[in-house]
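Undergrad: Provide a 3D model corresponding to the input given below.
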Amino acid sequence: MSWTDERVETLKKMWGEGQSASQIAKELGGVTRNAVIGKVHRLGLSNRAGSGGSAATKAAPKEKPAAAAAKPAPKPAAKPKVVASVPAVKEELELDENGIPISAARRAIIPAGQPLPPQPSANEISPEALAKVSEVEKTAKRISLMELTEKTCKWPVGDPATDDFWFCGLGVQQGKPYCEAHVGVAFQPMSSRRDRRR
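TA: So this is what the prediction gives:
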């Protein structure tokens with residue numbers, strides 16, 4: 001179906017009369033409601049101010065003032081601070097724009113480009129594992145996110161907000177998402193982690 005001058009004029013006339021897109025599509029034939037809406041927008045006819053409009057659009061504004069009269073508009077108030085009270089502990093909570101307390105987890109989200117918080121200290125990981133990771137990262141394939149497969153190590157290196165961010169890319173250990181060196185850092189026995197904390 002092509003938009004001939006005659007069909008465009010019919011569309012403009014019917015749109016100006018307040019006909020719906022469905023009614024116009026039916027009248028023109030061979031065109032969908034969405035095609036009519038698209039053509040209306042391309043022609044810049046989307047504003048029907050001053051035209052007859054449909055009964056439904058006329059009724060809607062009349063209902064709004066009645067609803068507004070029944071309920072007075074709430075006054076904008078200064079953002080209150082909420083004080084949470086726990087035995088012997090009082091903490092002032094930060095609120096978002098809707099007055100909802102912001103959780104610690106939500107505050108912990110770091111926007112792109114911001115420095116990352118300090119990572120777990122090196123004394124939590126065995127020196128042997130760290131040395132092995134250091135050696136492996138020198139020979140890593142340094143692949144991008146789009147190059148990751150089931151068989152490549154998915155250990156991220158660097159800050160994702162910078163251009164110097166990559167994944168290890170070496171062959172993975174059976175049943176794990178990382179290579180042998182990164183598995184040694186990521187998956188540590190519970191007992192050894194407890195011993196290092198003491």
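
Undergrad: residue ranges with poor pLDDT in this structure?
TA: Screening the chain residue by residue with the criterion pLDDT under 70, one finds the ranges 1, 46-125, 188-198.

Undergrad: One more pass at 50, please.
TA: Counting by pLDDT under 50, the chain contains low-confidence residues at 51-62, 86-90, 122.

Undergrad: ranges for the strands of it?
TA: 82-86, 89-93, 156-157, 166-167 (DSSP state E).

Undergrad: those helices in this protein, which residues are they?
TA: Secondary structure of the chain (DSSP state H): helices at 5-16, 21-28, 33-43, 55-70, 104-107, 127-138, 180-186, 190-197.

Undergrad: quick one: terminal-to-terminal distance for stretch 13-24?
TA: Counting by Cα to Cα, to the nearest Å, you get 10 Å between the two ends of stretch 13-24.

Undergrad: Report the residue ranges of every domain in this structure.
TA: Described in terms of automatic domain parsing, the domain architecture of the chain consists of the residue ranges 5-64, 122-197.

Undergrad: Columns mean neighbour count on top of these, output as a markdown table?
TA: All C-beta atoms are positioned from the backbone trio N, CA, C, and that covers glycine. Conversion of those to a markdown table gives the following (neighbours: other Cβ atoms under 10 Å):
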| stretch | mean neighbour count |
| --- | --- |
| domain 5-64 | 13 |
| domain 122-197 | 14 |
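
Undergrad: Contact partners for the closest residue to Ser144 other than its chain neighbours?
TA: Closest residue to Ser144 in three dimensions, ignoring its sequence neighbours and counting by Cβ to Cβ, 6 or more residues apart in numbering: Trp166, at 6.7 Å. Counting by Cβ atoms under 8 Å, 6 or more residues apart in numbering, Trp166 touches Ala140, Arg142, Ile143, Ser144, Pro156, Val157, Gly158.
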